[in-house]
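# Return a 3D structure for these sequence lines:
(chains A, B, C and D)
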Amino acid sequence: MTMSDDTRLAMQGTIEALTAGDGSEPVVVNLGPQHPSTHGVFRLKVTLDGEIVQDAEMRIGYLHRSMEKLAEERSYTQNIPFTDRIDYLAAMSNNLAYCLAAEELLGVEVPPRAQAIRVMFAELQRVASHAMANGTFINDCGAWHTPLFHMFRDRERVLDMFEMTCGARLTTNYMRIGGVAFDLPDQLLPTLEQFLADMPENIANYEALLLENEILHARARGVGVISPEMAINSSLSGPVLRATGVPWDLRKANPYCGYESYEFDVPVGEQGDCFDRFLVRMTEVKQSLRILRQVVDTLPDGPYLADVPLHARPEPGESYARVESPRGELGFYLVSDGGPAPYRFHCRPPSLINLSALKEMSIGGTLADAIVTLGSIDIVVGEIDR
Amino acid sequence: MTTQYDATAAMEIVNASAPGAACVDEGVLYLEPDTLADSIRTLRDSDQSDLVFLSNLTAVDHELHFELVYHLQSLDLNHILQVKARISDREDPALPSLTGVYHGAHLQEREVFDLFGIRFEGHPDLRRMFLWDGFPGYPLRKDFLQMPGQVRAGLPGFPHESEENAWPVPGSVPQRPLHPNDPQPEGEIVVAEESEDPS
Amino acid sequence: MTDLAGLSSVLGTWYDFRDLNNLQRLITEWIADWGPDWLASIITGVLGALGILGVIGPTLLILIWVERKVIARFQQRYGPNRVGPKGLLQPVADAVKLILKEQLAPRAADKLIFFLPPVLIFIPGVLIWGVLPFGPRMSVADLNVGVLFLLAVSGTAVLVIFMAGWSSNNKYALLGAMRAVAMSISYEVPMVLALLTLVVFSGTMSINGIVQWQQQEDVIFILLFPLSAIAFFFAASAELNRTPADISEAESEIVAGYHTEYSGMRFGLFYAVELGNTLVVSAFIATFFLGGWWLWGLDQWVPSWIILLAKTGAVYFLLIWTRGTLPRLRVDQLMGFCWKALVPATLLFVVVAFVQRTLLISEGWDTTVALPIMAVFNIALSLGAIMLFARVARPAPLRRPARIRMAGADIGGLRAAREVAARREEPQLQVGGD
Amino acid sequence: MDNVLEQYAHLGILLIFAAIFPSLPLIASWAFFKFGLRPRMPNAVKSDTYECGVETEGPTWVQFNFRYYLVALIFVLFDVEVIFLFPLAVALDSVVVTGMVAALIFIAVLFLGLVYEWRRQALEWR
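Take a look at the predicted model:
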């Protein structure tokens, strides 16, 4: 039987209309600002066709505290507590980056013991922050808080050590221009030794629970994929960049605080998907423990703080210092006009810039994938909004 | 160790394709604002400079002019270059957007637009990011709190908070003689309509 | 068992708690002495219904505590431990709080349909208790088509969920309701097929009949049809909206799914129904696949309903365990798993059941010899089928392993990335893959 | 026969109780409201549709592409046809081999249908 072209076309059209679900309308759904998995007041506005994300747009600004403006009114030392609040899950790293920028501006030499202590706390902070990142990531995949609570246990121990040293757990305000605020208390090193002794077993437990979990693989593999070219072009950094296979780590590329004297490796992924980001973080924790071991073994004696005037007035000039924070490249750009306060204080926030490619990562996936992708980027809203 | 890329070498690369687009002053590379995007594209694509990674993009208000600061990084060659561009027009500062060169410039340019009021021509989605539409003025400008149209010192409340905290309606702004460098309020102040979301 | 010849035997059965049905029978016969037949029937019905609700009500309160405590132990927490001894009164406090809480209804909701679901959703959940045999004759209604009744009644719950989601006029609720419908109708099929296997093999659609068949043949169905049991367990946990299949109320995606807009006691009822359904489904899994009230003669010494409750508790613990351990699947993965793995697997075992049953009947084999052989054969077949389906139905991205390499001295951009990727050494971490 | 009806009557009684039971806490809640123990103070913000704290955009009741109407169709086919197997299963004692062969042919047709759906990507999400 032959069919006229018209009939064939009409039939084809009918089939296409049926299979494409024509006639349906997109639905705009807001995830956030008050949503269980946006990790703060962050809003993701997605346009859905059924369950498929057609468009994703982020709306931020619910937490804006105008830190950059406030900092222009305060002296260099007074600005240190502000940096805690930028990324409240990695306060030590933020302290460190800011102090490095201020030291560059002031030309301060930091004593070796202070350098080692800074590395110790930056790495402890990385362990704590990655524990939080991985735990909440599994939660975003739909687990019922169990891995999160287990990882919180490690984070608690790190925060206890922070408290022991500087009296605060979250907003530590520990680093100073020229060193650190206090020397290590006597109890710290034994506690840290115990922590280092216990962690390998804990990590082995997490790996046993999570790494071969087929559902986790199914949820995170091939989701939120980004190519290395696109990642570099989008200025992504940290585990998100390294998961694409680009071995860029400022601790190796531009060592600060004597990172060049410690042995560690930079883990990189292959696919650039959510699972690789998770694995890179898991592996980085092990490398951080390796660094901590070396810091404890080679901790030098001497002063912990250089002699810097409390209200120093640097020469007019500018400095840009970066550290590898748990979330990526964290930079502080300071401009001095010779006054007691910075003329311009700018923070390069990894959380914000890592979101550059969120739309590209989410489109075409399902709503659930968009949530997993957002969780794998590991944002801190305090750092996005500042 | 990340090295500083030589500004003179970068200037030669830029000027080879577009003469006069770059100059070096006290060791810092300044680019002509009009051809900024093309110059940076040249620096990105050149094998010698290879500045593929936009590390940082921000602006500084130097009162008489704005200075745009770009930190460009080469990952493979491990060097960094600081690039600056100056705009002296305070009323409608504008320069080409880098979004065509670096996708990562997208959010950073929006941030600079939000806080400094510098327009980036060619940016696909240039809206306020941290502050809500209709926020009067640009907070990181040095003259922010002396703005005309500011009824009293300090910031007004959020639009929904109360009547007396509501924003100055354009007609009700006390008319004062404006300094030539001050932004004109008419074009900038938009009354928050109904109660749209604050982003 | 009941012989009402004399007072001593009356007392004998009165105190025989193995089967509470005896008590009911006594009442019926006492009423029959002076009243009409329908009165006896109604009174026994009312007693049965009160008995069921008397089980459900307190059990729900205890179960909330159990679930929170057990999950807390998985998560290295204490769980509720402030209200009452060991926190046992926490659920009571919660219930009081929910009753005293303001009940909001969104302006945009379809009010009539919005108010009905919290009540309606209870009905299928309670009704299927009616066909659950607690003992040899101990059920509210021992239907000869009990299996069909169970499937039909439990299938209506999804309508109520859709009513709730649709009438809320909320996008999360609508998404949750849509997901619930798609998932429930899909998982209905493997559930039906898994039960069909049992019906074919035992030759009866009466639920009590299935238990009695297991008693008679001294075998439990999970040994004979392990894959059907697994499929039924997973399908049931999907119908219950529990992790790993809780997509219709996935909190990290759509806040609370279909009951997002419900507050106060209306939300409390949804919450209670979820737990109640979990309990009744555990009981049915125990009945169908673990022998129900029967346990190799122990039911002669211990009241049969205690045996059933113990088995139910074991299944319930398994459900809590999966909830506390596993992440959630995506909606398309759940559908794919249902249609590409569970449906063919259960269909395969329906065929196996037909063939084996026919062999038993027509060849007249001795079941004490034939059944163990068949069990071994079926277990081997199940393992083979699981391995086959793991290969066929596995999504493409999972076939490659995920690898983490160490960059070593190569630090940089794309060029360094290529160098790291080209190195032939073993990756530091390699997980997954075929 | 009478016995079967009695069983269903019991289920009917259970149905009534099943409707009353969940109503009790709601009635209690309502009574508490009457005694002034439970608040009811709706305002514009409270009775808004919840959408994470922002106003909802666009209508919710739209034609919604759930991409699973095909599955709904397959479900209807499967469920209806599988129900036919239940009587056969119960009556297998009397029809034995003939019944088994009939059942196998029936299942084979069903299975072929499933395989066809699978091959035609009807079971995929997209």
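# Using PDB, write out every CA atom in the helix-or-strand element of chain D with minimal mean pLDDT.
Using mean pLDDT, DSSP states H and E, the weakest-scoring helix or strand in chain D turns out to be helix D:69-90, at a mean of 79. Output of helix D:69-90 as PDB, limited to C-alpha atoms (Å, rounded to 0.1, in the frame of the first residue of the first chain):
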ATOM      1  CA  TYR D  69       1.700   9.000  29.800                       C
ATOM      2  CA  LEU D  70       3.200   6.100  27.800                       C
ATOM      3  CA  VAL D  71       3.900   4.400  31.100                       C
ATOM      4  CA  ALA D  72       0.400   5.000  32.200                       C
ATOM      5  CA  LEU D  73      -0.800   3.200  29.100                       C
ATOM      6  CA  ILE D  74       1.600   0.300  29.500                       C
ATOM      7  CA  PHE D  75       0.400   0.100  33.200                       C
ATOM      8  CA  VAL D  76      -3.200  -0.200  32.200                       C
ATOM      9  CA  LEU D  77      -2.400  -2.900  29.700                       C
ATOM     10  CA  PHE D  78      -0.300  -4.800  32.200                       C
ATOM     11  CA  ASP D  79      -2.500  -4.500  35.200                       C
ATOM     12  CA  VAL D  80      -5.600  -5.400  33.300                       C
ATOM     13  CA  GLU D  81      -4.100  -8.400  31.600                       C
ATOM     14  CA  VAL D  82      -2.300  -9.700  34.700                       C
ATOM     15  CA  ILE D  83      -5.600  -9.700  36.600                       C
ATOM     16  CA  PHE D  84      -6.800 -12.400  34.100                       C
ATOM     17  CA  LEU D  85      -4.100 -14.600  35.400                       C
ATOM     18  CA  PHE D  86      -5.400 -14.700  38.900                       C
ATOM     19  CA  PRO D  87      -8.400 -16.900  38.200                       C
ATOM     20  CA  LEU D  88      -6.300 -19.200  36.100                       C
ATOM     21  CA  ALA D  89      -3.800 -19.400  39.000                       C
ATOM     22  CA  VAL D  90      -6.500 -20.400  41.400                       C
END
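# Which strands or helices does the helix or strand following it pack on?
Where DSSP states H and E defines the elements, the next helix or strand beyond helix D:69-90 is helix D:92-119. Using 3 or more Cβ pairs under 8 Å, 6 or more residues apart in numbering or on different chains; DSSP states H and E, the elements in contact with helix D:92-119 are helix C:343-363, helix D:69-90. Heads up, the C-betas are built off the backbone N, CA and C, glycines and all.
# how much does the longest one deviate in direction from helix D:92-119?
What that stands for is helix D:69-90. Here helix D:69-90 runs at an angle of 160 degrees relative to helix D:92-119 (axes from the mean of the first three to the mean of the last three Cα atoms, to 10 degrees).
# Buried residues in the least confident helix or strand of chain D, which are they?
Taking 16 or more other Cβ atoms under 10 Å in any protein chain shown as the basis for neighbour counts, the residues of helix D:69-90 that come out buried are D:70, D:71, D:74, D:75, D:78, D:79, D:82, D:85, D:86, D:88, D:89, D:90.
# Also stretch A:263-272?
A:264, A:265, A:266, A:267, A:268, A:269, A:270, A:271, A:272.
# next one: stretch D:103-121
Applying a neighbour-count criterion of 16+ other Cβ under 10 Å, one finds D:103, D:106, D:107, D:110, D:111, D:114, D:117, D:118 buried in stretch D:103-121.
# Stretch B:121-128 too?
Of the residues in stretch B:121-128, those buried by neighbour count under the rule 16+ other Cβ under 10 Å are B:123, B:126, B:128.
# Nearest to chain A: which residue in the stretch 301-434 of chain C?
Nearest residue of the stretch 301-434 of chain C to chain A: residue C:328, at 2.4 Å (Cβ to the nearest Cβ).
# Repeat that for chain B.
When scored by Cβ to the nearest Cβ, chain B has residue B:104 as its residue closest to chain A, at 2.6 Å.
# For the residue nearest to residue C:119 when sequence neighbours are not counted, what is the enclosing helix or strand?
Counting by Cβ to Cβ, 6 or more residues apart in numbering or on different chains, residue D:22 is the residue found nearest to residue C:119 once chain neighbours are left out, at 4.9 Å. Element membership for residue D:22 (DSSP H and E) is helix D:2-34.
# So which other helices or strands are in contact with that helix?
By 3+ Cβ pairs under 8 Å, 6+ apart, helix D:2-34 packs against helix C:37-74, helix C:90-99, helix C:117-120, helix C:122-127, helix C:264-289.
# ok, the most centrally placed residue in chain A to chain D distance?
By Cα atoms, centre = their mean, the mean C-alpha position of chain A lies nearest to residue A:327, the distance being 1.8 Å. When distance is defined by Cβ to the nearest Cβ, to the nearest Å, residue A:327 is 24 Å away from chain D.
# Just to check, that residue is in contact with residue A:376?
No. Here residue A:327 lies out of contact with residue A:376, judged by Cβ atoms under 8 Å, at a distance of 11.8 Å.
# Contact residues of the stretch 251-386 of chain A facing chain B?
A:253-255, A:320, A:322, A:329, A:331, A:333, A:335, A:343-344, A:346, A:348, A:352-353, A:355-357, A:385-386 (Cβ under 8 Å from any Cβ of the partner chain).
# From the residues you listed, which land in strands?
Judged by DSSP state E, strands contain the following of these: A:320, A:322, A:329, A:331, A:333, A:335, A:344, A:346, A:348.
# which one of those is nearest residue C:209?
residue A:329 (69.2 Å; Cβ to Cβ).
# Next, the buried residues of stretch C:357-369.
By neighbour count with 16+ other Cβ under 10 Å, stretch C:357-369 contains the buried residues C:357, C:358, C:359, C:360, C:361.
# Just give the nearest non-adjacent residue to the fourth one, would you?
Beyond its immediate neighbours in the sequence, the residue positioned closest to residue C:360 (Cβ to Cβ, 6+ apart) is residue C:370, lying 6.2 Å away.
# Need the pLDDT of the one you found.
Note on residue C:370: pLDDT of 82.
# ditto for residue B:80
90.
# Can you classify it as helix, strand or coil?
Assigned with DSSP: H, G, I helix; E, B strand; the rest coil, residue B:80 falls in the strand class.
# In this structure it contacts residue B:71, no?
Yes. Applying Cβ under 8 Å, one finds residue B:80 in contact with residue B:71, separated by 6.1 Å.
# Common neighbours of those two, please.
Where contact means Cβ atoms under 8 Å, 6 or more residues apart in numbering or on different chains, the residues bridging residue B:80 and residue B:71 through contact with each are residue B:55.
# what packs against the least confident helix or strand of chain D?
Using 3+ Cβ pairs under 8 Å, 6+ apart as the test, helix D:69-90 ends up in contact with helix C:146-155, helix C:171-202, helix C:343-363, helix D:92-119.
# my read: residue A:262 touches residue A:293, true?
No. The pair residue A:262 / residue A:293 is not scored as a contact, 9.3 Å apart, by Cβ under 8 Å.
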